[in-house]
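*Asks:* attaching a predicted model along with its sequence, questions to come.
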Amino acid sequence: MATYNIKVNGSSRDVNADPDTPILWVLRDKLDLVGTKYGCGIAQCGACTIHLDGKAVRSCSIPISAVGSMEITSIEGLSEKGDHPLQNAWKEHDVPQCGYCQAGQIMQAASLLKTNKKPTDAEIDEAMDGNLCRCGTYNRVKAAIKTAAKIN
Amino acid sequence: MQKDNIFQTNRRSFLKVSGILSGGLVLGFTWGSCTRPEDIIVMPKEWYDINGYLKIGENGLVTIMSPNPEIGQNVKTSMPMIIAEELDCLWKNVIVEQGALNTDVFSRQVAGGSQSLRAGWTSLRTAGATARKMLVNAAAQQWEVDPSTLKTEEGFVVKETGEKLSYGDLAMAASKGEPVKSEDVQLKDPKDFKIIGTETSNVDLENIVTGKPLFGIDTKKEGMAYASVMRPPSFGQKLVSFNDADARSVSGVKDVFQFGDKIAVIADSNWSAMKAKKALKAEWTDEGTLENTEAHDAQLLALLNTKSETPKRKDGDVDKAFAEADEILERIYEAPFLPHNCLEPMNFFAHVTDDKVDLLGPIQTPQWTRGNVAKLLNRPEEQVSVDMTRMGGGFGRRLYGDFAEEAAEISSIAKMPIQLQFTREDDMTAGTYRPASKYKFKAAIKEGKLTGYHLVGAGVNMGNSTREDNFPASAVENYLVESHELKSNITTGAWRAPITNFLAFAEQAFFDELATKIGKDPVEFRLELFERAKNNPVGKLDYDPEKSIGVIKLAAEKSNWGTKIDGVYQGFSAYYSHNTYVAEVANVVLENGNPRVTNVVCAIDCGIVVNPLGAKNQVEGGVVDGIGHAMFGDFSFKNGRANHENFGTYKMIRMSDAPAVEAHFVKNTNDPTGLGEPTLPPAGGALANAFAAAGRERLYKQPFIQQIKIVG
């Protein structure tokens, strides 16, 4: 067990955890930030997607000891009022069914739009293929990304 | 009878409900079981319970309980919409809360069989209408007029003079008034619906997109510990012994103990519990047969050639039809086991104390689970309470409360509140799988007509593997359906659209090939048979051919069936399941000679569409799920052990594989039927038939990806 000072959603937090504890479980069990979901534990489903220094990563597969001074953003910190263009687009398209994968989908899409303001369909597919939606809302996820990116 | 009981006893029931709910109300906004419309700022000072289904605040806000479990089928939005419609209030003034298990007030609190709306339709409307009547009665009393002279309008009771009283002003008096009986209310004419039939956002949308706690896995309770369980690695094995020295040395571990043939690890975090479980060293022995898919395949094929002494249905004389046939077509179709793979792995909270058992979590069958836990712990059912969270998928897996029972047992041994959490590996290897099955279809053709039809089904632990009264029953003179079961120690169960999730593919692929053989257009061929069933049915008719014809024609029209477009190949499929009629056309293109499904046109008759926005989402999801599993779902067993344990090797449909989906609903005012399952069964057939239209070989086995290259 060690103490780590990490930056989460703009705040500095002290966490006691084993060095191998994935960021996912630090967020969920230690910091009560449960919007980031556990789906597979091996970086294959994308439900646990967060941003590390603004870039989408799978929080289930990065230990707390590797975070250092990098800034963690989880779905709870994506926007102050739940009004990030992607969150608004998700609401406009009524994307979710069960809803479990959606925070991961949004975080992945937010990372995409940071570096690629107007992605093509193929680029959206490529960026989003790591995020499973067991309910099959892929068409709405794609439509919402395009709305947020103002692509007709 | 049950319906009357609900409303006649609502006063008493109501107190029980409000007892349960008062906690939910206080905690709701922070815990997330409760959803508040964005535009409501002021919460009422007081809530007045009108009946077990709803309560009204002095400022006119309405809280509606959603009785059924929410697994993504959107009943938490659509069921309260039905109540609000009859209450005659504005939807923007409605707050929705998930109801707890309460058999005194609610009926059939189950998410299964796509039956929530169909079974709840009348009782939900009646709940809204009786509440409305109580408000009207309260206004009549205040104004000293005959209640029959009053009407309601968007949350107000209105006098003939135009004078109005808001529901908020009347709530207290109404809550003290005489309960209204269900037979004393008149339900709205569907043409007057204002909420039903409007595109309404998912009530949990805001909480979902901002990551609020909603799901079972998000549960946090005072003093709670986390449990991870090691189960036998193979079906047919039991525990001999284990060494927990390394597991106990993992920081945060509180306890390790055996229960049955399983080992529980209790820790102060999920990570510690999971890590410690991996450090356990257990020895297992074979208790029964360690089964293999290869052996199942041989046994199921043998069963397809076995005569059943008790056919499921027999019309006419198939032997004679085959003897007299000009041509016979015979095909065998094969399906693997499938895991459900809900994205939220199984989990449950249990707190077992001397005098009560509190259960909370994602469960499709709260009532059944309460009974099973009571029995397991030898407690009266009254001691067991079940609260439901939103579920990260169900698909049938959460009909089985084995995880809730495990949580309860662990809590009773550990003597502390427990959150049991499956890993993905636990979830995929300790499942209740879609059973493997095989079907043999045989058709007699004489003078270009289908004169005989023989179906034999065989499935693992499947009971009746057929739907003997479904089409083409009643449409063929000589008809025989038989079923066989292969018993196995691998746990199997309902998987979205049980039986028909594969049977429909097999049947609809067979019909496509049959139409080709007879030389008829696949749509025309089906329509002719349905006309026969409609005009002159053979034997018992158990479906509505008119509705089948309706969706077939609608799908053909919307897909421009029969209009050749260069490079686009179409496949047709139609299936009736869970009381809903569906027809689908898959459009396929070839890329470097390999097929890619671009879009699927779907026509649906589910009666009144309560929430078109959610309904379309269900249709899209069902089609994508059906196509995904038909293409990729590969699951088998070797020596009792699953061949996949996580998504690294087990392929599921992803964004780039998914076709666009168009939904077209038949417009009518029939009572609604469900949508969670019915669009899945026809999807695989539409796809395979489109592949065949594109000149690819016909497919008889799922997953398709094992036989042909598909562009995803």
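*Replies:* Everything's here; your move.

*Asks:* got a list of what the closest residue to residue B:541 other than its chain neighbours touches?
*Replies:* In space, and not counting its chain neighbours, residue B:541 is closest to residue B:474: 4.6 Å by C-beta to C-beta, 6 or more residues apart in numbering or on different chains. C-betas here are computed from N, CA, C, even on glycine. Residue B:474 sits next to B:532-533, B:537-543, B:545 when contact means C-beta atoms under 8 Å, 6 or more residues apart in numbering or on different chains.

*Asks:* got a ChimeraX select line for the buried ones in those?
*Replies:* Buried subset of the contacts of residue B:474, written as a ChimeraX selection, criterion 16 or more other C-beta atoms under 10 Å in any protein chain shown:
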select /B:532,533,537,538,542,543,545
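
*Asks:* TSV for the contacts of residue B:474, including secondary structure and pLDDT?
*Replies:* Formatted as TSV, the contacts of residue B:474 follow (DSSP: H, G, I helix; E, B strand; the rest coil; pLDDT from 0 to 100):
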residue	secondary structure	pLDDT
B:532	helix	97
B:533	helix	98
B:537	coil	98
B:538	coil	98
B:539	coil	97
B:540	coil	97
B:541	coil	98
B:542	coil	97
B:543	coil	98
B:545	helix	98
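
*Asks:* list the contacts of residue 45.
*Replies:* Let's take chain A. Counting by C-beta under 8 Å, 6+ apart, residue A:45 makes contact with A:39, A:101, A:104, A:130-132, B:343, B:424, B:647.

*Asks:* oops, chain B please
*Replies:* For residue B:45, the contact set (C-beta under 8 Å, 6+ apart) comprises B:57-58.

*Asks:* tell me the helices in chain A, going along the chain?
*Replies:* Here chain A has its helices, by DSSP state H, at A:23-25, A:85-93, A:102-115, A:121-128, A:138-148.

*Asks:* any idea which of the ones you listed gets closest to residue A:16?
*Replies:* For the helices of chain A, proximity to residue A:16 was assessed by C-beta to C-beta; helix A:23-25 is nearest, at 12.7 Å.

*Asks:* in that closest one, what counts as buried?
*Replies:* Buried residues in helix A:23-25, counted by 16+ other C-beta under 10 Å: A:23-25.

*Asks:* ok, back up a step: quick check, nearest of the contacts of residue A:45 to residue B:290?
*Replies:* Distance ranking of those against residue B:290, using C-beta to C-beta, places residue B:424 first at 23.0 Å.

*Asks:* pretty sure that closest one is in contact with residue B:644, am I right?
*Replies:* No - Residue B:424 lies out of contact with residue B:644 (C-beta atoms under 8 Å); the separation is 10.4 Å.

*Asks:* out of these two, which sits in the more crowded spot?
*Replies:* residue B:424 (23 against 17; other C-beta atoms under 10 Å in any protein chain shown).

*Asks:* which pLDDT value belongs to that one?
*Replies:* Here, the pLDDT recorded for residue B:424 equals 98.

*Asks:* so what's it closest to, chain neighbours aside?
*Replies:* Setting aside the residues directly before and after it, residue B:424 is nearest to residue A:40 in space (C-beta to C-beta, 6+ apart), at 4.5 Å.

*Asks:* go on, residue A:130?
*Replies:* Nearest residue to residue A:130, sequence neighbours excluded (C-beta to C-beta, 6+ apart): residue A:46, at 4.8 Å.

*Asks:* check what pLDDT the one you found gets.
*Replies:* pLDDT recorded at residue A:46 is 98.

*Asks:* just the one 3 residues further on next, same as before
*Replies:* According to the model's per-residue confidence, residue A:49 sits at a pLDDT of 98.

*Asks:* next up, phi/psi of residue B:503, please.
*Replies:* Residue B:503 adopts backbone torsions of phi -50, psi -40, taken as degrees, to the nearest 10.

*Asks:* helix, strand or coil for the residue of the stretch 51-200 of chain B found nearest chain A?
*Replies:* Proximity of the stretch 51-200 of chain B to chain A (C-beta to the nearest C-beta) peaks at residue B:72, 3.1 Å away. Judged by DSSP: H, G, I helix; E, B strand; the rest coil, the three-state class of residue B:72 is coil.

*Asks:* where exactly do the strands run in the stretch 151-300 of chain B?
*Replies:* For the stretch 151-300 of chain B, the strands defined by DSSP state E, counting those that start in this stretch occupy B:151-153, B:156-158, B:164-166, B:225-230, B:237-243, B:253-259, B:262-267, B:281-286.

*Asks:* would you mind measuring from residue B:367 to residue B:53?
*Replies:* Applying C-beta to C-beta, to the nearest Å, the value for residue B:367 to residue B:53 is 17 Å.

*Asks:* tell me which of those two has more neighbours.
*Replies:* Set residue B:367 next to residue B:53 and count neighbours by other C-beta under 10 Å: residue B:53 wins out with 31 against 17.

*Asks:* name the nearest residue to that one, sequence neighbours excluded.
*Replies:* In space, and not counting its chain neighbours, residue B:53 is closest to residue B:127: 3.9 Å by C-beta to C-beta, 6+ apart.

*Asks:* and the residue of chain B that's closest to chain A?
*Replies:* Ranked by C-beta to the nearest C-beta, the top residue of chain B for proximity to chain A is residue B:211, at 1.8 Å.

*Asks:* show me the contacts for the nearest residue to that residue once chain neighbours are set aside.
*Replies:* Taking C-beta to C-beta, 6+ apart, and ignoring the residues beside it in sequence, residue B:211 has residue A:35 as its nearest neighbour in space, at 1.8 Å. Applying C-beta under 8 Å, 6+ apart to residue A:35 gives the contacts A:74-76, A:103, B:210-212.

*Asks:* likewise for residue B:239?
*Replies:* Here residue B:239 is in contact with B:232, B:258, B:261-263, B:282-284 (C-beta under 8 Å, 6+ apart).

*Asks:* after the host helix or strand of residue B:373, which helix or strand is next?
*Replies:* Using DSSP states H and E, residue B:373 maps to helix B:366-377. The first helix or strand that comes after helix B:366-377 along the chain, using DSSP H and E, is strand B:384-388.

*Asks:* what mean pLDDT does that next one get?
*Replies:* 97.

*Asks:* quick check: next helix or strand after it?
*Replies:* Sequence-wise, the next helix or strand beyond strand B:384-388 is helix B:402-414, with elements assigned using DSSP H and E.

*Asks:* can you give me how far that following helix is from the chain middle?
*Replies:* Using C-alpha atoms, centre = their mean, to the nearest Å, the mean C-alpha position of helix B:402-414 is found 25 Å from that of the whole chain.

*Asks:* cool, and stretch B:699-712?
*Replies:* Relative to its parent chain, stretch B:699-712 has a centroid offset of 26 Å by C-alpha atoms, centre = their mean.

*Asks:* which residue, other than its chain neighbours, is closest to the residue of the stretch 51-200 of chain B closest to chain A?
*Replies:* residue A:98 is the one closest to residue B:72 (C-beta to C-beta, 6+ apart), at 3.1 Å.
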